[in-house]
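Trainee: Sharing a model prediction with you, sequence too.
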Amino acid sequence: MVASVYVPHPYHPEVFAQLHHIDEAYRSLEERVVDKEMLGEVRTLGVMVLHRHFDMTPEEKLVEFGSVATPWLLPEANGDSVFGGKVIPRSWAYSAGHLYPIEFGFNPPGVENFPSISFDQDFVRELYELLVGLGIGDLVGLTVLGDEIHDAPYGVEKTVGRVSITLPITPETEPTQAVESVWTFGCHERMDDSKLWPARICWVCHGCK
């Protein structure tokens, strides 16, 4: 039997606007005492704390290119085409049981930095039921991670104004005011011996808001 394909809903600015700021989102997640090893097994996708670092207008979308994410003005008439390339959903949040894109990645002409994701309908439903059962349906979503992230050091996301930059991180440069915001599933030997590893850290800079 062929698995049913789930098609996420189109982008809704209201869903992005409902996201918590990162420090509030992480604090709420910690207060609900979630064991990060309980969140399942995904390889192409990672799980993320649903958050925003700044506000956007309804006409803007948060788009990542390279290591920089900024709001882009994207007219609806253009669809997902811009500058000869494509703007592809890369992170999703649940709202009323449905997946909505909240962050995007830019693929230049002839390049696929961000893959188009095909969701299995059962996976989408079961993950939603799991998150709601854990009481974190409003705090945890899905995000695309490249294959290299499983072997590469995690990065730190620093936001200044309305620009977020992901920087490589070392023990010498790791900020003291930081929280884990994205996790990848480490699965190097057996599928049943997998744990969540931090893939991206958010630098909580109260003076930058």
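Mentor: That came through, no problem. Computed from a predicted structure; not experimentally measured. Numbering: from 1, shown residues only.

Trainee: in the chain, which spans are strands?
Mentor: Listed in chain order, the strands found in the chain under DSSP state E are 5-6, 45-49, 60-65, 68-73, 81-82, 85-95, 98-107, 119-120, 140-144, 155-160, 163-168, 178-186, 195-203.

Trainee: how about a markdown table for these, with mean pLDDT added?
Mentor: Converted to a markdown table, the strands of the chain look like this (pLDDT from 0 to 100):
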| stretch | mean pLDDT |
| --- | --- |
| strand 5-6 | 83 |
| strand 45-49 | 83 |
| strand 60-65 | 95 |
| strand 68-73 | 94 |
| strand 81-82 | 88 |
| strand 85-95 | 94 |
| strand 98-107 | 95 |
| strand 119-120 | 86 |
| strand 140-144 | 89 |
| strand 155-160 | 78 |
| strand 163-168 | 83 |
| strand 178-186 | 65 |
| strand 195-203 | 45 |
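
Trainee: For the ones you listed, give me a markdown table that also has mean neighbour count.
Mentor: Glycine gets a C-beta too; all of them are placed from N, C-alpha and C. Below are these laid out as a markdown table (neighbours: other CB atoms under 10 Å):
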| stretch | mean neighbour count |
| --- | --- |
| strand 5-6 | 12 |
| strand 45-49 | 23 |
| strand 60-65 | 20 |
| strand 68-73 | 16 |
| strand 81-82 | 13 |
| strand 85-95 | 21 |
| strand 98-107 | 22 |
| strand 119-120 | 16 |
| strand 140-144 | 24 |
| strand 155-160 | 18 |
| strand 163-168 | 16 |
| strand 178-186 | 20 |
| strand 195-203 | 20 |
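
Trainee: Those into JSON lines, with extra columns for distance to residue 20?
Mentor: JSON lines is the format used below for those (distance: least, CB to CB, whole Å):
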{"stretch": "strand 5-6", "distance to residue 20": "25"}
{"stretch": "strand 45-49", "distance to residue 20": "8"}
{"stretch": "strand 60-65", "distance to residue 20": "15"}
{"stretch": "strand 68-73", "distance to residue 20": "17"}
{"stretch": "strand 81-82", "distance to residue 20": "29"}
{"stretch": "strand 85-95", "distance to residue 20": "11"}
{"stretch": "strand 98-107", "distance to residue 20": "12"}
{"stretch": "strand 119-120", "distance to residue 20": "24"}
{"stretch": "strand 140-144", "distance to residue 20": "12"}
{"stretch": "strand 155-160", "distance to residue 20": "14"}
{"stretch": "strand 163-168", "distance to residue 20": "16"}
{"stretch": "strand 178-186", "distance to residue 20": "12"}
{"stretch": "strand 195-203", "distance to residue 20": "12"}
